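Engineer: Got a predicted structure plus its sequence, pasted below:
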Amino acid sequence: MKPDQRDAYIDRLPKAELHLHIEGSLEPEMLFALAQRNRVDIPFDSVEDIRKAYNFSNLQDFLDIYYQGMAVLLTQQDFYDLTWAYLERAHADHVRHVEIFFDPQGHTERGVAFADVVTGISDALADGEKQWGMTSHLIMCFLRHLDEAAAEATLDEALPYLDKIAGVGLDSSEVGHPPSKFTNVFARARSLGLKLVAHAGEEGPPAYVHEALDILGVDRIDHGNRAMEDAGLVARIAGEEMTLTVCPLSNLKLCVIDEIGQSPVKAMLDAGIRATINSDDPAYFGGYVNENYRAVARALDLSRAELRSLAANSFTGSFLPPEAVAHLLAEIDHYDAHTA
Ligand code: HPA
Ligand code: ZN
């Protein structure tokens, strides 16, 4: 496929996004506007100043700025506006279904009410479904640099809102905070009927991916790059049809890879792994989901069939019921059949 033709194919390809931190979609313009609206002091004088600070050499570098940025989010309306802005952007990229992470501990520790966070986000998600038929799930992440008791308390706070929360996840500083640190809280989440996911193998070793699978019993792995270092693990992930939510531009910005051509996405597909393409924290990493597709497609010379597989994987790997997955896969078929 010629590059222009490939980009056009990506543009309107129906897809899901399965790895998106809603706080990571806070664009510098909105960060600046909310700081003024809420009278929150930020250490930046302008939008350009904020953008200039987005230069990271590892995950922790990014997280320090990410938590600082969140400080401007205070009201239910702020969470609604943040989510709505993301949904409009995702809709423009022909995203048909989203599974969105949020970090309640990043907000409740600043005195923001759990209810305001969940209600603001989920009201916007409901409006996205009304307006475009875009379906969604909300996944509550535990901050792994905090202890398991804090995660347990967060799950307690979520109990009245479980009708709005599909699953739990694990994010923040990975190395030194293995999945096994959260064994009990994940077991309780499972018993409540929640889906389980965990960031693993972004910076952490393959052993963390093993732990996420064996000890937490996750339904999906976020990132999973370093699983590729362990041939037995690769075969297992492929055999179990475990979905990996890969984030190419994030990997580049956080120096998980040195250039986009080192993205493991093609190697994963070649190994029979159900890999997907996602944007992670698009406001910080320089691109929403289609930009991630375009970047890897260009660098790895992905074929039309591979792009189609990645989009199909995003639906098959979602937490939608089988009828909805079948419907969305049929949308891909229809698109593919009617696109030159
Ligand atoms: N990794 C870990 N924690 C995060 C990330 C990430 O890429 N984005 C937001 N929190
Ligand atoms: Zn992430």
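Structural biologist: All right, it came through fine. Numbering: from 1, shown residues only. Ligands and ions are numbered 1, 2, ... in the order given.
Engineer: contacting residues around Ala151?
Structural biologist: For Ala151, the contact set (C-beta atoms under 8 Å, 6 or more residues apart in numbering) comprises Phe142, Leu143, Phe182, Val185. Using the backbone N, CA and C atoms, a C-beta is placed for each residue, glycine as well.
Engineer: Select from these the one having the most neighbours.
Structural biologist: Within the contacts of Ala151, Phe142 tops the neighbour count with 27 neighbours, counted by other C-beta atoms under 10 Å.
Engineer: Quick check: nearest residue in space to it, chain neighbours excluded?
Structural biologist: Closest residue to Phe142 apart from its sequence neighbours, by C-beta to C-beta, 6 or more residues apart in numbering: Ala151 at 3.9 Å.
Engineer: quick check: mean pLDDT across the host helix or strand of the one you found?
Structural biologist: For Ala151, the element it lies in under DSSP states H and E is helix 148-158. The average of the pLDDT scores along helix 148-158 is 98.
Engineer: In the stretch 101-250 of the chain, what residue spans correspond to helices?
Structural biologist: 105-108, 114-132, 148-158, 183-191, 206-211, 231-239, 248-253 (DSSP state H, counting those that start in this stretch).
Engineer: most tightly surrounded among those helices?
Structural biologist: Among those, helix 248-253 has the highest mean neighbour count (mean count of other C-beta atoms under 10 Å), at a mean of 25.
Engineer: what does the protein have sitting close to ligand 1?
Structural biologist: His21, Gly24, Leu59, Tyr66, Asp171, Ser172, His199, Glu202, Ser250, Asp280, Asp281 (C-beta under 6 Å from any ligand atom).
Engineer: which of these has the most neighbours?
Structural biologist: Counting neighbours by other C-beta under 10 Å, the top entry in these is Asp280, with 31 neighbours.
Engineer: if we can go back for a sec, between the helices of the stretch 101-250 of the chain, which gets nearest to Asp93?
Structural biologist: Of all these, the one in closest proximity to Asp93, counting by C-beta to C-beta, is helix 114-132 (12.0 Å).
Engineer: That closest one to helix 148-158, inter-axis angle?
Structural biologist: 60 degrees (axes from the mean of the first three to the mean of the last three C-alpha atoms, to 10 degrees).
Engineer: can you give me the mean pLDDT across helix 114-132?
Structural biologist: Averaging pLDDT along helix 114-132 yields 98.
Engineer: what's the answer for stretch 223-242, then?
Structural biologist: Per-residue pLDDT over stretch 223-242 has a mean of 98.
Engineer: Not counting its own residues, what contacts that stretch?
Structural biologist: With C-beta under 8 Å, 6+ apart as the contact definition, stretch 223-242 has outside contacts at 19, 199-206, 208-210, 213, 220-221, 244-247, 251, 256-257, 264, 267-268, 271-274.
Engineer: ok, back up a step: so which of the contacts of Ala151 is the closest to Gly167?
Structural biologist: Nearest to Gly167 out of the contacts of Ala151 is Phe142 (C-beta to C-beta; 11.5 Å).
Engineer: any idea where the strands of the stretch 151-300 of the chain begin and end?
Structural biologist: Applying DSSP state E, counting those that start in this stretch to the stretch 151-300 of the chain gives strands spanning 167-171, 195-200, 220-223, 243-246, 274-277.
Engineer: Need the contact partners of stretch 331-340.
Structural biologist: Contacts of stretch 331-340 (C-beta under 8 Å, 6+ apart): Gln5, Tyr9, Arg12, Leu13, Pro14, Arg96, Arg304, Arg308, Ala311, Ala312, Phe315.
Engineer: 7 Å instead, please
Structural biologist: With contact meaning C-beta atoms under 7 Å, 6 or more residues apart in numbering, stretch 331-340 is reached by Tyr9, Arg12, Leu13, Pro14, Arg96, Arg308, Ala311, Ala312.
Engineer: The third one contacts Ala311, doesn't it?
Structural biologist: Yes. The pair Leu13 and Ala311 passes the contact test of C-beta atoms under 7 Å, sitting 5.1 Å apart.
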